[in-house]
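*Asks:* next input, structure requested:
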Amino acid sequence: GLVPAAFKCGPDYIDPMFHSEIIGAHTRNLDLFMLSEEACKYLLAVNSAQADLAVLEGVMGYYDGLGGRSTEASSYHLASLTATPVVLIVDCRGASLSLAALISGFARFRPDSGIKGIILNNLSDSLYQGYKKMLEAETGLSVVGYFPSLPECSLESRQLGLISPTEVDGLKQKVALLAKQAEQSLDLDMLLTLARQAPELDYPVFKIKKGTPVTIGVAKDKAFCFYYQDSLELLEKMGAAIRFFSPLHDQTLPACDGIVLGGGYPELYAEKLADNISMRQSLKYALQKGIPCLAEGGGYLYLLDALVDKEGREHKMTGFLAGQARVTSHLSRFGYITLTALKHNLLCAAGETIKAHEFHYSDSSNYGNSFRAVKPISGKSWDCIHSKENVLAGYPHLHFWSNIDFAYSFLERCRAYKHCQEK
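*Replies:* The predicted model follows:
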């Protein structure tokens, strides 16, 4: 069979986890707000070099971009940039001929829409041939198959989106059912024919600075699982060895020269994190000794004094940063931001910028004030992120390919720490 590579348009962490679980390979995010067009093309090319086929999953509506009023950073933007043939998935519930108007509107909304085919969703086998004939005649597009309603394959959601793959009961069985259905009701040969219409991708080559080796401890378990694989691999290309550890299950930090605490679901595992006293003490002691640490999202919450769950129960966290976070019933902040440093810090000098995003239902009593965050389109702004000599911690999620100098600066601080420890 063919070897696939999978990509997700936008910043979402959870969909790529499912891709990786299904195809057995790391999925990458291609986000045209956080990353430049050149970086997106480079990462698409590099990460699909050993694959026979690259599949790019869209985000939201096809044309929905920044602020809901622009196509910038939309699925359409990414497809247009990479000249990727587009297959539109259309929900057929409660409609027939009106679907032709809907599909034609999508295909003609922009002259370079790139839409080449259609997959009909929630459609029965008995109706498929009639719909296929009608829609192809009305739209001029190829209908490449359908999916009936499969409630036994549904996936649960929570506040941050789908639950993670490790939490889905019977995921392999559900995927097997979906694969069997795809073989029966999708024209896979036609999909491959459409894919072959994609021209060769032109992309720039990025020069990556490499320094002396360092080891970076990366928290990774059910509580901390939000990472961009390309960011971690960029650290590796710059000379870092990644060593994963679990704040839930390990008793102490691994031997390392720097720490990354990513986002995730600490609020769901707050009691277990609090009960692991030895890990909390080990981390706090290392931070007090000066080990460099980047903490974002859930990782930032772990460094606070306490985390209050949705039932109102308070759980002790690391206590390196003053303040507590409380889980709420609504989004506190959501969407893309541009961060500008207000002071010199672990990753950059004052005035330097990086693009990021926030998405959280918790609220903190102490946001920090080392960066100014500005939303695109609206221009709304606020101060955020704690910066100490060796720590950068806050709600925003970063992608190092937005500004690769931030990654190199972090590793340089880790190298300096390693050198001091070796004296």
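*Asks:* where does the prediction get shaky in the protein?
*Replies:* 157-162 (pLDDT under 70).
*Asks:* in the longest helix seen in it, what's buried?
*Replies:* Counting by DSSP state H, the longest helix found in the chain is helix 404-422. Buried residues in helix 404-422, counted by 16 or more other C-beta atoms under 10 Å: 404, 406-415, 417-418. No exception for glycine: its C-beta is placed from N, CA and C like everyone else's.
*Asks:* for stretch 319-337, same thing?
*Replies:* Neighbour-count burial for stretch 319-337, counted by 16+ other C-beta under 10 Å, picks out Phe320, Leu321, Gly323, Gln324, Ala325, Arg326, Val327, Ser332, Arg333, Gly335, Tyr336, Ile337.
*Asks:* quick one on the thing from earlier: need the buried residues of helix 404-422 in a markdown table with distance to Pro396, can you?
*Replies:* Below are these laid out as a markdown table (distance: C-beta to C-beta, whole Å):
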| residue | distance to Pro396 |
| --- | --- |
| Ile404 | 17 |
| Phe406 | 12 |
| Ala407 | 15 |
| Tyr408 | 19 |
| Ser409 | 17 |
| Phe410 | 15 |
| Leu411 | 20 |
| Glu412 | 21 |
| Arg413 | 19 |
| Cys414 | 21 |
| Arg415 | 25 |
| Tyr417 | 23 |
| Lys418 | 27 |
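*Asks:* out of these, which one sits closest to Asn345?
*Replies:* Within the buried residues of helix 404-422, proximity to Asn345 (C-beta to C-beta) peaks at Ser409, which comes in at 9.0 Å.
*Asks:* tell me which of the buried residues of stretch 319-337 fall in strands.
*Replies:* Residues from the buried residues of stretch 319-337 lying in strands, with DSSP state E as the criterion: Gln324, Ala325, Arg326, Val327, Arg333, Gly335, Tyr336, Ile337.
*Asks:* skipping its backbone neighbours, what lies nearest the fifth one in space?
*Replies:* Translated: Arg333. Using C-beta to C-beta, 6 or more residues apart in numbering and skipping residues adjacent in sequence, the residue nearest Arg333 is Glu358, 4.4 Å away.
*Asks:* what sits against the one you found?
*Replies:* The neighbourhood of Glu358, defined by C-beta atoms under 8 Å, 6 or more residues apart in numbering, consists of Arg333, Phe334, Gly335, Ile337, Ala373, Tyr395, Pro396, His397.
*Asks:* list the contacts for the last one?
*Replies:* Applying C-beta under 8 Å, 6+ apart to His397 gives the contacts Pro11, Phe226, Gly263, Glu296, Gly297, Ala356, His357, Glu358, Phe359.
*Asks:* closest one of the ones in strands among the buried residues of stretch 319-337 to Pro165?
*Replies:* For those, the residue nearest Pro165 by C-beta to C-beta is Val327; the value is 22.8 Å.
*Asks:* that closest one bridge partners, please.
*Replies:* Legend: beta-bridge partners of Val327 under DSSP bridges are Ser362.
*Asks:* how about Phe226?
*Replies:* In this structure, Phe226 has the following beta-bridge partners (DSSP bridges): Gly263.
*Asks:* that one against Gly297, yeah?
*Replies:* Yes - counting by C-beta atoms under 8 Å, Phe226 does reach Gly297; the two are 6.2 Å apart.
*Asks:* neighbour-wise, which of the two wins?
*Replies:* The neighbour count for Phe226 versus Gly297, taken as other C-beta atoms under 10 Å, is higher for Gly297 (28 against 22).
*Asks:* how about the nearest residue to the more buried one, chain neighbours excluded?
*Replies:* Closest residue to Gly297 in three dimensions, ignoring its sequence neighbours and counting by C-beta to C-beta, 6+ apart: Gly263, at 2.7 Å.
*Asks:* the one you found - how many residues pack around it?
*Replies:* The number of residues packed near Gly263 is 25, by other C-beta under 10 Å.
*Asks:* might you report the residue contacts of it?
*Replies:* Residues in contact with Gly263, defined by C-beta under 8 Å, 6+ apart, are Tyr13, Phe224, Cys225, Phe226, Glu296, Gly297, Gly298, Gly299, His397.
*Asks:* how close does it get to Tyr13?
*Replies:* 7 Å (C-beta to C-beta, to the nearest Å).
*Asks:* how about Ile23?
*Replies:* As for Ile23, its distance to Tyr13 is 17 Å (criterion: C-beta to C-beta).
*Asks:* for the two, indicate the residue with more neighbours.
*Replies:* Here Ile23 and Tyr13 are set side by side on neighbour count (other C-beta under 10 Å), and the busier one is Tyr13, at 21 against 15.
*Asks:* check contacts around the more buried one.
*Replies:* The neighbourhood of Tyr13, defined by C-beta under 8 Å, 6+ apart, consists of Cys225, Phe226, Tyr227, Tyr228, Gly263.
*Asks:* now, the most widely separated pair of those?
*Replies:* Looking at those by C-beta to C-beta, the two members farthest from one another are Cys225 and Tyr228, with 11.8 Å of separation.
*Asks:* neighbour count winner among those two?
*Replies:* Neighbour count, other C-beta under 10 Å: between Cys225 and Tyr228, Tyr228 has more, with 25 against 19.
*Asks:* residues contacting that one?
*Replies:* Listed by C-beta under 8 Å, 6+ apart, the contact partners of Tyr228 are Tyr13, Arg28, Asn29, His399, Phe400, Trp401.
*Asks:* mind redoing it with 6 Å?
*Replies:* Residues touching Tyr228, when contacts are defined by C-beta atoms under 6 Å, 6 or more residues apart in numbering, comprise Asn29, His399.
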